[in-house]
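Undergrad: Sequence and predicted structure, then a few things I'm wondering about:
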Amino acid sequence: MTSEEKLNRCYEAVKERLPFVPKLALILGSGLGDYAEHVTVEKTIPYESIEGFPRSTVAGHKGQFVFAKVEGVPTVMMQGRVHYYEGYPMQDVVLPVRLMKKMGAEILFLTNAAGGVNENFHAGDLMMITDQISSFVPSPLIGANMDDLGPRFPDMSEIYRREYREIIRESSKSLNIELQEGIYLQFTGPAYESPAEIRMARTLGADAVGMSTACEAVAANHMGMKILGISFISNLAAGLSTQPLSHKEVQEAADLAAPKFRALVTEVIRRIGEQ
Ligand code: HPA
């Protein structure tokens, strides 16, 4: 089955079950995992009920679409995403993003937990993503182009929209939440990086590193979605701190910062809804 056929099948399996046409798609990374518990849920669709849909296998990541009006904005959330390191081909990793676009979402709000590479960052910071480096993972656009979705050679000169970056800045100011800004670099994982790899990432201009997001943004930008993103800096990347990294620590740090992350995301969505 081609990626296009798989996508269409998944869409056929969900289209009758949507409570509304979503305007905004929100991917809940570590740190926002419980966001869905703070909104009025209208409907959930477990990934396992969609035949052919890739399933997240990471501890602490649930697997379902959650539909809710966030500050009045019809939103489809992904509680649990799929990572390249889980062994899925890149086309499967971005299938959920393509599916949310097919559902009707025009805006993609990406969130994640990431390691801080910029020496001015601290564990617990929030970083607005201004641009990204996806060159260390295969492009999800490799293979026959899905002409219905977007062009063969899409422009990537403004992946994270300027207008939304302004909204994120204004939202953080109004909530008195300190905000960092920077470039997100995606590595494949699943191992955390070595100190030498982090030095390389810094030399290349990265401010934060993670194992998701950039490939999703490439697929979404290909389809013309309007993208914004915020990283939660759960830890300083290898070499910047003397502490070894563990998934548990990343998760715990993320849980601690959840309230401010939630508040910022909600305020940003409220302002997008007002536009
Ligand atoms: N490296 C890569 N991915 C991550 C990190 C990190 O230090 N922290 C959270 N996700």
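TA: On my side now, so go ahead.
Undergrad: what does the protein put close to the ligand?
TA: With the criterion set to Cβ under 6 Å from any ligand atom, the chain comes near the ligand through 113-115, 192-193, 209-211, 234-235, 237, 245, 250. Every residue, glycine included, has its C-beta placed from N, CA and C.
Undergrad: ok, now with 5 Å
TA: Applying the criterion Cβ under 5 Å from any ligand atom, the portion of the chain that neighbours the ligand consists of 113, 115, 192, 209, 210, 211, 234, 237, 250.
Undergrad: The third one and residue 115 touch, don't they?
TA: Yes: taking Cβ atoms under 8 Å as the definition, residue 192 is a contact partner of residue 115 at 7.1 Å.
Undergrad: Need the overlap of contacts for these two.
TA: Common contacts of residue 192 and residue 115, defined by Cβ atoms under 8 Å, 6 or more residues apart in numbering, comprise 237, 238, 245.
Undergrad: Pull out the buried residues from the residues of the chain next to the ligand.
TA: Buried residues within the residues of the chain next to the ligand, defined by neighbour count using 16 or more other Cβ atoms under 10 Å: 113, 115, 192, 209, 210, 211, 234, 237, 250.
Undergrad: element containing the second one, please.
TA: Yep, that's residue 115 we're talking about. When elements are assigned from DSSP states H and E, residue 115 belongs to strand 107-116.
Undergrad: again with the fourth one
TA: Assignment of secondary structure by DSSP H and E places residue 209 within strand 208-210.
Undergrad: can you list contacts of that strand?
TA: Surrounding strand 208-210, the residues in contact under the criterion Cβ under 8 Å, 6+ apart are 112-118, 121, 127, 182-187, 193, 198, 201, 231, 233, 237.
Undergrad: Just the ones of those in helices?
TA: 198, 201 (DSSP state H).
Undergrad: Give the buried residues for stretch 71-79.
TA: Buried residues in stretch 71-79, defined by neighbour count with 16+ other Cβ under 10 Å: 73, 74, 75, 76, 77, 78, 79.
Undergrad: Tell me the spacing between the first one and residue 82.
TA: According to Cβ to Cβ, to the nearest Å, residue 73 and residue 82 sit 24 Å apart.
Undergrad: Next: the fourth one.
TA: In this structure, residue 76 and residue 82 are separated by 16 Å, where distance is defined by Cβ to Cβ.
Undergrad: returning to that earlier point: packing partners of the strand holding residue 115?
TA: For strand 107-116, the elements it packs on are strand 24-28, helix 95-103, strand 126-133, strand 208-210, helix 214-222, strand 226-236, helix 247-274, judged by 3 or more Cβ pairs under 8 Å, 6 or more residues apart in numbering; DSSP states H and E.
Undergrad: Which residue is the nearest non-sequential neighbour of residue 91?
TA: Excluding its sequence neighbours, the residue lying closest to residue 91 (Cβ to Cβ, 6 or more residues apart in numbering) is residue 3, at 4.1 Å.
Undergrad: distance of that neighbour from the ligand?
TA: 26 Å (Cβ to the nearest ligand atom, to the nearest Å).
Undergrad: what's the answer for residue 270, then?
TA: Taking Cβ to the nearest ligand atom, one finds residue 270 at 27 Å from the ligand.
Undergrad: Which residues are in contact with that residue?
TA: Remark: with contacts taken as Cβ under 8 Å, 6+ apart, residue 270 is in contact with 70, 71, 72, 73.
Undergrad: how near is the residue in the chain that the ligand sits nearest to to residue 67?
TA: When scored by Cβ to the nearest ligand atom, the chain has residue 115 as its residue closest to the ligand, at 2.2 Å. Counting by Cβ to Cβ, the gap from residue 115 to residue 67 is 32 Å.
Undergrad: Out of the helices and strands packed on strand 107-116, which is closest to residue 53?
TA: helix 95-103 (7.0 Å; Cβ to Cβ).
Undergrad: What helices and strands are in contact with the closest one?
TA: Contacts defined by 3+ Cβ pairs under 8 Å, 6+ apart place helix 95-103 against helix 3-14, strand 24-28, strand 73-79, strand 107-116, helix 214-222.
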